[in-house]
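[1] Requesting a structural model of the entry that follows:
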Amino acid sequence: MIGRTISGRYLIKQGIGGGGMGSIWLALDTQLQRHVALKLMSPHFLSSAGARQGFAQEAKAIARLHHPHVVQIYDYGIDGDTPYIVMELLEGEDFAALLDQRKRLAPAAVVPLLHQVARALTAAHTAGVIHRDLKLGNLFLARVGGEEVVKVLDFGLALLDTGAEAPTPDQDKELLGTPHYMSPEQMRGQRGLDHRTDLWSLGVVLYLLLTGEYPFSVNTLKDLSKSPMSLPLQPPSSLVPELGAEMDAFFAQVFAADPAQRFSSARELASVFSSLVLAGRPIRAAKLLVVDDEPLMATVMQQRFREQIQASVYEFIFASNGEEALERLRQHPDTDVVLLDLNMPKMDGLTFLNRVGEVHPLVKVIVLSAYSDMSNIRTAMNRGAFDFLVKPINFQDLKSTLEKTLKHVGELRRMLRSTEENDVLRMFVHGGVVERVLSAVRTPQSLEGEAVEGTVVFIDVKDFSPVIRSQQPAPALRRLNLHFEAIVPELFSRGGVVDKFVGDAVMAVFRGQGHLGRALDACLAARQVLRERASRPGEQSHHVHGVSMGVDSGELLSGSIGAPALGRLDYTVLGDVVNRAAWLASLAGRDQLLIREALRDRLGASFECSAARPLQLPGTSMPLAVCEVVRRRTLPSLDEPTLPPRLRESGEPPSS
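    Below you'll find the predicted structure:
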């Protein structure tokens, strides 16, 4: 199989795993020069018309969901007699591997995972897609753009809103789904399943993550499938006492035999769970992670701070290297401060500083290192360390530094709690950042401003003001939000973060490697999506406006602005780059994407640009030379990747 080319385009390079009806392979898309996950139907299913239809239905189900928490499909076809699906390549591990490593997760660690799955299910259910096989193995924690992002996989049993069941081999002989996760109505093979069967399966996943045990045995579920009566559920607090009686009541509603008695949506289920976790969180000791390979460090810290430990002022956890420290942070998302040595085996402190943002973006790190290591300390501060102390440690100095750092953390935590009271904000802020922040006891962004490099995008729905004047408020807002729902996923999928919605425009910020190119790609993709939707029958009245777009790139001032005393702060970016992007968008024509002429050289041959008339921006004496970005001409090539041991789309390694 390795070395085979599918449809003259996809070169198979290595096996990754297996799904329900096929095997997953690492392949090179020779046309676009990118690596993808290629799913091929297993040979023993090829003769089954039902299996082939089910395989095609999987592709259709995924294609409906252009969502950051759903694995993305690039292509579908048939090579010879073998159907195939081409998907994005993911690096990371599924929830089954995660649970196998940790045995069970703290509720605070589960909150961000649950919210991301809930977003994906909400998008699926809104699009008329019922997954029907939600389980640990089909939920994947992927590393995407420096973040850990949950992806829902394997829509092979998905039910679409046509009402037709997805045919599979031996449909009459076996149940569709994984018995441990199936709702009673799914166990009965009931027709007319709705989205609440997925909510039952999500409840099983949640119960497993918290307790390490299934809520019901398969035999119990079979009994439940024969009767509408509820069966006794083992309260999760009987397995993990700290979960408490309120969590028992929560799961009693999750596993109600009557679907009408369950939660109405994935979003509601996740919100109620989060509120229970946060409401039940007591005033606690400050949690400190000490990362040092010296064997006596744990003993010394416990002796020096024994009074604070006994008084529940401090709680210490320990790791001997950066790799172990990242896992400790995953297990303890409420960690306040990391005390970090620089010279360690496996993963040193500088590498840890590069990686810590993937797991806990806003934890405060204090570096502990030797006098002779001053050059590395400078590098550590440039990589985001909050403070540093030199060895041998002056413990009075360490105590003062800890008090200062924890005071800073506490002030910011109170600020973020007040921001959280506005529930609408959660709908518009990037889940990969905010949900981890909210779950980790609201650890925050810095109040102090900093200069950063980035690109700012303004996408304005063109000529929308007449709609506001001529239509009733509700339909006008619905029309505007339809545009935003098309635009925002394109921004997110290329690493952009929505900073704010300003009237009928959206502002997004791109940072990191290739931020300007990714921003332009997002704008061009959003424009194309809106054009396609405007061309569909019945939708012309909603998407006929088009967009005007302005992009600028350079140094930004990043920080929190507002009224700290009132607990109302917004984390945003400011500066000439923001102002220019906004004015370029306001002056652009329909479906125009304008940038400064000065940025053209940075694009090289990647984008086709044409000169536009100079524009006079407010507050300037000279016209600004601008150009219009027409299209992308070349695609960036990918370096040859090495395949990490846990890289796959879904399932177990393929059998030989």
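
[2] Can you list the low-confidence ranges for the protein?
    19-20, 145-146, 161-176, 221-231, 279-284, 371-373, 411-449, 536-543, 563-570, 635-656 (pLDDT under 70).

[3] Centroid-wise, who is the farthest residue in it?
    Ser621 (44.1 Å; CA atoms, centre = their mean).

[4] how much space between Gly575 and Arg596?
    Distance from Gly575 to Arg596, counting by CB to CB, to the nearest Å: 14 Å. In this view, the C-beta of every residue, glycine as well, is placed from N, C-alpha and C.

[5] Show me which of the two is the more surrounded one.
    Each of Gly575 and Arg596 has its neighbours counted (other CB atoms under 10 Å); Arg596 has more, 20 against 17.

[6] which residues touch that one?
    By CB atoms under 8 Å, 6 or more residues apart in numbering, the contact list for Arg596 reads 552, 580, 584, 624-627.

[7] From those residues, which land in helices?
    Those of these mapping onto helices are 580, 584, per DSSP state H.

[8] Looking at the backbone only, give me phi and psi for Val506.
    phi -120, psi 140 (degrees, to the nearest 10).

[9] Surely it and Ile459 touch.
    Yes: counting by CB atoms under 8 Å, Ile459 is a contact partner of Val506 at 5.3 Å.

[10] So which of the two has more stuff around it?
    Ile459 (30 against 25).

[11] Quick check: neighbours of the host helix or strand of that one in the sheet, parallel or antiparallel?
    Here Ile459, judged by DSSP states H and E, is contained in strand 450-461. Strands that pair with strand 450-461, judged by DSSP bridges, come out as strand 505-510 (antiparallel), strand 547-563 (antiparallel).

[12] most tightly surrounded among the ones you listed?
    strand 505-510 (a mean of 25; mean count of other CB atoms under 10 Å).

[13] For whatever helix or strand comes next after it, output the C-alpha coordinates as CSV.
    Going down the chain from strand 505-510, the next helix or strand is helix 515-535, by DSSP H and E. C-alpha atoms of helix 515-535 as CSV (Å, rounded to 0.1, in the frame of the first residue of the first chain):
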residue,chain,number,x,y,z
HIS,A,515,0.5,36.2,10.2
LEU,A,516,0.2,38.5,7.2
GLY,A,517,-0.3,35.6,4.6
ARG,A,518,-2.7,33.8,6.9
ALA,A,519,-4.8,37.0,7.4
LEU,A,520,-5.0,37.5,3.6
ASP,A,521,-5.9,33.8,3.0
ALA,A,522,-8.7,34.2,5.6
CYS,A,523,-10.1,37.3,3.9
LEU,A,524,-10.1,35.7,0.4
ALA,A,525,-11.7,32.5,1.8
ALA,A,526,-14.4,34.5,3.6
ARG,A,527,-15.2,36.4,0.4
GLN,A,528,-15.4,33.2,-1.6
VAL,A,529,-17.8,31.5,1.0
LEU,A,530,-20.1,34.5,0.8
ARG,A,531,-20.1,34.5,-3.0
GLU,A,532,-21.0,30.8,-3.0
ARG,A,533,-23.8,31.3,-0.6
ALA,A,534,-25.1,34.3,-2.5
SER,A,535,-25.3,32.1,-5.7
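
[14] so what does helix 515-535 touch, helix or strand wise?
    strand 450-461, helix 473-493, strand 505-510, helix 540-543, strand 547-563, strand 593-596, helix 600-603, strand 626-632 (3 or more CB pairs under 8 Å, 6 or more residues apart in numbering; DSSP states H and E).

[15] Ser369: which of the ones you listed is closest?
    Of all the helices and strands packed on helix 515-535, it is strand 450-461 that lies closest to Ser369, at 23.2 Å by CB to CB.

[16] send the alpha carbons of the following helix or strand past that closest one over as CSV?
    Following strand 450-461 in sequence order, the next helix or strand is helix 465-470 (DSSP H and E). Extracted C-alpha coordinates of helix 465-470, given in CSV (Å, rounded to 0.1, in the frame of the first residue of the first chain):
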residue,chain,number,x,y,z
SER,A,465,-27.0,50.5,6.9
PRO,A,466,-30.0,50.6,4.5
VAL,A,467,-31.0,47.2,5.8
ILE,A,468,-31.1,48.5,9.3
ARG,A,469,-33.2,51.5,8.3
SER,A,470,-35.7,49.4,6.1
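
[17] residues making contact with helix 465-470?
    476, 479-480, 504, 545.

[18] and which of those is nearest Phe607?
    Using CB to CB, the contacts of helix 465-470 come closest to Phe607 at His545, 24.3 Å.

[19] measure the closest one to Asp460 for me?
    Counting by CB to CB - His545 and Asp460 are separated by 10 Å.

[20] got the domain boundaries for this structure?
    Split into domains by automatic domain parsing, the chain comes to 5-87, 92-279, 286-410, 446-632.

[21] CSV please, covering the contacts of Arg596 and showing distance to Thr5.
    Compiled in CSV, the contacts of Arg596 are given as follows (distance: CB to CB, whole Å):
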residue, distance to Thr5
Asp552, 43
Arg580, 47
Leu584, 44
Leu624, 49
Ala625, 47
Val626, 44
Cys627, 40
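
[22] Buried subset of the contacts of Arg596, written for PyMOL?
    Selection of buried members from the contacts of Arg596 for PyMOL, criterion 16 or more other CB atoms under 10 Å:
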select buried, resi 552+580+584+624+626+627
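
[23] returning to what we had before: among the strands paired with strand 450-461, which is nearest Val277?
    Comparing the strands paired with strand 450-461 by CB to CB, strand 547-563 comes nearest, at 25.4 Å.

[24] follow-up on the earlier one: dump the helices and strands packed on helix 515-535 into a markdown table; add distance to His69 as well.
    Below are the helices and strands packed on helix 515-535 laid out as a markdown table (distance: least, CB to CB, whole Å):
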| stretch | distance to His69 |
| --- | --- |
| strand 450-461 | 22 |
| helix 473-493 | 10 |
| strand 505-510 | 18 |
| helix 540-543 | 24 |
| strand 547-563 | 25 |
| strand 593-596 | 28 |
| helix 600-603 | 31 |
| strand 626-632 | 26 |
